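**Q** sharing a model that was predicted from the sequence below.
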Amino acid sequence: MSLPEIKDIAEGTVFEWEKGRVTILVSRLRSHRDGRVTGRIRIRTNASGFSPHLHESDFNFSGPQARRTLAQNLAEDYADLTNWKETLEQLCVKMLEKLQEGEPTVEILSGDDAEPPPPLLPPFLIEGQPTIIYGERGASKTNFALLLAAMLQDEGLANEFEHIGPRARPAEVLFLDYESDLKTIRFLLSRIQRGMGTPQLGIHYRRRAFPLSDDIEQVKLILERTGAGLIIIDSLGMAAGGDLNATEPALRFWAAQRTLNMTTLIMAHTAKNTEDKRKTVYGNAYYENESKVIWEIRKSQEQDSSEMDIALFHRKSAPFQGYHKPIGLHFVYQGEGMNERLVVTPGRPQTVSDFLGLLSVRTQILELLKSGPKTAENLAEMIDRKTGHISKELTKLKSGNFVIQLGAQQWGLIQQESPTYQ
């Protein structure tokens with residue numbers, strides 16, 4: 001019996017015998033901790049006298065009994081097509097060999113022409129890398145993700161924000177929605193378009209209820225069809241599936257995401273019951289460990305107000321980049337119903353009281369000194385730090401020519417417009 005031709009496609013891996021007399025598509029392949037390798041198989045034929053579709057089911061590639069049982073069942077109806085015992089044996093052996101081999105090993109040589117992955121939309125999106133943006137419920141994560149999607153389509157929009165962009169290239173966007181619905185996302189996107197005065201915006205939308213790892217072949221097909229350059233996943237919890245504090249769902253999510261080899265923007269929630277000023281991504285540590293870039297998003301809004309301040313804090317940087325200073329945005333909601341608009345303008349996190357305690361000690365010192373000279377003891381009490389710590393920071397700021405030591409142990413600003421420290 002001849003060996004099959006093997007080809008990788010968006011849906012999975014195709015095994016073909018005798019120019020299509022028997023074709024088996026393998027998808028949703030998964031390795032388990034107990035050694036099992038499972039997946040889904042779809043068996044078809046182009047032989048005359050047979051229906052094209054023969055069989056489809058989940059299958060255990062590492063289980064001899066599963067092969068024998070399926071071979072017997074197929075032989076009862078399709079004995080003339082092939083020796084099913086040998087065909088399934090070849091399928092399992094070749095699939096397991098392919099899984100063990102993985103990607104080919106390549107030699108890497110250092111050189112002056114070596115470059116890091118380029119940005120797609122700095123400082124948030126890097127070509128081919130995953131970014132997580134996490135925050136509490138109501139922090140406008142989805143609005144911000146759609147704003148970035150709009151910037152990838154409208155070059156002028158990205159140029160309106162000093163610390164965002166410029167975009168490297170225009171890019172189609174695939175929005176995988178695990179939390180909302182098409183009508184809501186369309187309204188949010190339209191609200192941005194009206195508020196920012198951009199041309200008509202468009203994204204590719206897919207509503208999902210199953211984990212990314214169970215849907216990865218379909219996502220690849222959509223990417224192939226649309227040519228999307230960015231995937232937005234909203235949000236991580238549903239896309240991972242299972243117990244978010246467990247390791248296996250996290251590893252499955254990142255294994256699936258890695259096969260996409262795509263720029264990915266992942267929305268996530270914060271961990272619960274934390275008293276720390278700096279919150280973390282909810283769930284297993286692997287969610288943060290495997291993401292290349294992480295930003296925390298915070299909001300400040302008065303009750304019943306139509307305005308909102310947003311601050312983004314860079315919590316994890318790619319190994320070839322440094323940390324970016326906090327970025328602020330000011331949201332204003334105007335109009336009602338179908339005429340509602342979202343106007344977004346640059347903001348300054350250091351001027352919003354809710355954000356001040358999240359900034360560096362140096363930034364807090366500079367902002368507090370804008371209201372007048374203060375002693376190190378005054379500043380220590382206001383910032384909730386030890387006086388010795390504040391004194392060291394004041395000495396550093398003095399050497400940078402940002403503050404000056406006055407009489408009565410007081411300190412004052414040399415210049416009002418001081419840079420923001422991370």
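**A** Received, thanks. These numbers come from a predicted model, not from an experiment.

**Q** test my guess that T45 contacts V22.
**A** Yes. Between T45 and V22 there is a contact under C-beta atoms under 8 Å: 5.8 Å. All C-beta atoms are positioned from the backbone trio N, CA, C, and that covers glycine.

**Q** more neighbours: which of those two?
**A** V22 (23 against 20; other C-beta atoms under 10 Å).

**Q** just read off the phi/psi values of that one.
**A** Main-chain dihedrals, V22, degrees, to the nearest 10: phi -140, psi 130.

**Q** in contact with it, which residues?
**A** The neighbours of V22, taking C-beta atoms under 8 Å, 6 or more residues apart in numbering as the test, are E16, I43, R44, T45, L81, T82, T87.

**Q** can you pick the most crowded of those?
**A** In these, the most neighbours by other C-beta under 10 Å go to I43, 23 neighbours.

**Q** dig out what it forms beta bridges with.
**A** Under the criterion DSSP bridges, I43 forms beta bridges with I24, H55.

**Q** and the gap between it and T69?
**A** I43 sits 14 Å away from T69, going by C-beta to C-beta, to the nearest Å.

**Q** what of H330?
**A** 64 Å.

**Q** repeat for N378
**A** 79 Å.

**Q** could you pull up phi and psi at R298?
**A** Per-residue torsions, R298: phi -130, psi 150 (degrees, to the nearest 10).

**Q** from S140, how far out is it?
**A** Taking C-beta to C-beta as the measure, R298 falls 10 Å from S140.

**Q** how about V352?
**A** In this view, V352 and S140 are 14 Å apart by C-beta to C-beta.

**Q** let me see the domain layout of the chain.
**A** Domains of the chain are assigned by automatic domain parsing as 5-101, 119-354, 360-413.

**Q** so what's in contact with R298 and S140 at the same time?
**A** Residues within reach of R298 and of S140 at once, by C-beta under 8 Å, 6+ apart, are I310.

**Q** ok, back up a step: quick one: which of N378 and T69 has more around it?
**A** Higher neighbour count among N378 and T69: N378, with 17 against 12, using other C-beta under 10 Å.

**Q** and that one, which of the three is it?
**A** helix (DSSP: H, G, I helix; E, B strand; the rest coil).

**Q** where exactly do the helices run in the chain?
**A** Secondary structure of the chain by DSSP state H: the helices cover 64-78, 84-101, 141-153, 155-158, 182-196, 216-226, 236-240, 247-260, 285-290, 353-356, 361-369, 376-383, 387-399.

**Q** relative to L109, which of those helices is closest?
**A** When those are compared by C-beta to C-beta, helix 84-101 sits nearest L109, at 23.2 Å.

**Q** please state the offset of that closest one from the chain centre?
**A** In terms of C-alpha atoms, centre = their mean, to the nearest Å, the centre of helix 84-101 is found 34 Å from the chain centre.

**Q** any residues touching it, and which ones?
**A** Contact with helix 84-101 is made by 1, 3-4, 6, 13, 15, 17, 22, 24, 26, 29, 31, 37, 39, 41, 61-62, 67-68, 70-72, 74-75, 78, as judged by C-beta under 8 Å, 6+ apart.

**Q** nearest to T247 among the contacts of V22?
**A** The closest of those to T247 turns out to be I43 (C-beta to C-beta; 34.0 Å).

**Q** surely that closest one is in contact with R21?
**A** No. If you go by C-beta under 8 Å, I43 and R21 don't touch, sitting 11.3 Å apart.

**Q** circling back to that earlier point, tell me which of the contacts of V22 is nearest to G195?
**A** The shortest approach to G195 among those belongs to R44, at 50.4 Å (C-beta to C-beta).

**Q** Provide a list of residues in contact with the closest residue to the closest one other than its chain neighbours.
**A** Leaving out its chain neighbours, the residue that sits closest to R44 by C-beta to C-beta, 6 or more residues apart in numbering is T23, at 4.9 Å. Residues in contact with T23 (C-beta under 8 Å, 6+ apart) are V14, F15, E16, W17, I43, R44, T45, N46.

**Q** so K396 sits against R362, correct?
**A** Yes. With contact defined as C-beta under 8 Å, K396 reaches R362; the gap is 7.2 Å.

**Q** neighbour count: those two, which is higher?
**A** Taking other C-beta under 10 Å, K396 and R362 do not tie; R362 has more neighbours (20 against 13).

**Q** contact partners for the closest residue to R385 other than its chain neighbours?
**A** Distances taken as C-beta to C-beta, 6+ apart place V361 nearest to R385, at 6.1 Å, with adjacent residues excluded. V361 makes contacts with I383, R385, H389, I390, E393, as judged by C-beta under 8 Å, 6+ apart.

**Q** by neighbours, which of the residues you listed wins?
**A** Most neighbours among the contacts of V361, by other C-beta under 10 Å: I390, with 24 neighbours.

**Q** quick check: closest non-adjacent residue to G229.
**A** Take G229 and drop its neighbours on the chain: the residue closest to it by C-beta to C-beta, 6+ apart is A171, 3.2 Å away.

**Q** next up, the contacts around that neighbour.
**A** Applying C-beta under 8 Å, 6+ apart, we find A171 in contact with L120, L152, Q153, A228, G229, L230, T263.

**Q** which two in these are spaced the farthest apart?
**A** The widest separation within those (C-beta to C-beta) is 14.6 Å, between Q153 and T263.

**Q** looking at the two, which one has more neighbours?
**A** Counted by other C-beta under 10 Å, Q153 and T263 do not tie: T263 has more neighbours, with 25 against 20.

**Q** point out where the protein drops to low pLDDT.
**A** Applying pLDDT under 70 to the chain flags the ranges 273-277, 415-422.

**Q** now do 80
**A** Applying pLDDT under 80 to the chain flags residues 1, 102-103, 272-278, 408, 415-422.
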